[in-house]
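K.L.:
my questions are about this predicted structure, shown below with the sequence.
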Amino acid sequence: MTPHRLIREAEAVLVSSVAEVLELLSPLDGRLLRPPGERRPTDELSADELRVFEVIPARGSLGAGEASLRAGVAVPTCLALLNRLAERGFVIQAEDGGWRLGQLRPDQATV
């Protein structure tokens with residue numbers, strides 16, 4: 001079969017960058033693989049910190065009790081983790097007492 005036929009019948013894909021190759025190789029859940037050496041601020045979080053961080057909604061806020069349930073950690077542990085995340089700019093305490101995502105940019109990470 002010719003390369004043109006492979007492309008036409010979706011047996012092959014054209015790519016124009018390493019990012020597109022990584023996207024094609026990414027897991028089925030849709031997360032892109034990062035090129036080696038590219039780091040995110042969350043890479044240095046502990047497993048528990050990451051679990052708590054990941055349950056904080058992108059919009060609105062979440063109380064510590066609900067966050068502890070969703071993250072699968074005890075409430076006192078969750079509060080301690082939320083405070084550590086807040087110290088590093090990952091989350092902030094909302095006016096309603098809940099927690100929301102901070103405005104952390106990759107260049108601001110203090111991990």
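P.N.:
Happy to help now that I have it.
K.L.:
look up phi and psi at residue 42.
P.N.:
phi -80, psi -10 (degrees, to the nearest 10).
K.L.:
not counting sequence-adjacent ones, nearest residue to it?
P.N.:
residue 50 (6.1 Å; C-beta to C-beta, 6 or more residues apart in numbering). C-betas here are computed from N, CA, C, even on glycine.
K.L.:
gap between the one you found and residue 15?
P.N.:
31 Å (C-beta to C-beta, to the nearest Å).
K.L.:
any idea how many residues pack against the residue nearest to residue 42?
P.N.:
Residues within reach of residue 50, counting by other C-beta atoms under 10 Å, total 16.
K.L.:
for it, give its distance to residue 22.
P.N.:
22 Å.
K.L.:
can you pull out the helices in this protein?
P.N.:
3-8, 18-25, 47-55, 64-71, 75-87 (DSSP state H).
K.L.:
among those, which is nearest residue 97?
P.N.:
Residue 97 sits nearest to helix 64-71 of all the helices of the chain, at 8.4 Å, using C-beta to C-beta.
K.L.:
other SSEs contacting the closest one?
P.N.:
When contacts are defined as 3 or more C-beta pairs under 8 Å, 6 or more residues apart in numbering; DSSP states H and E, helix 64-71 sits against helix 47-55, helix 75-87.
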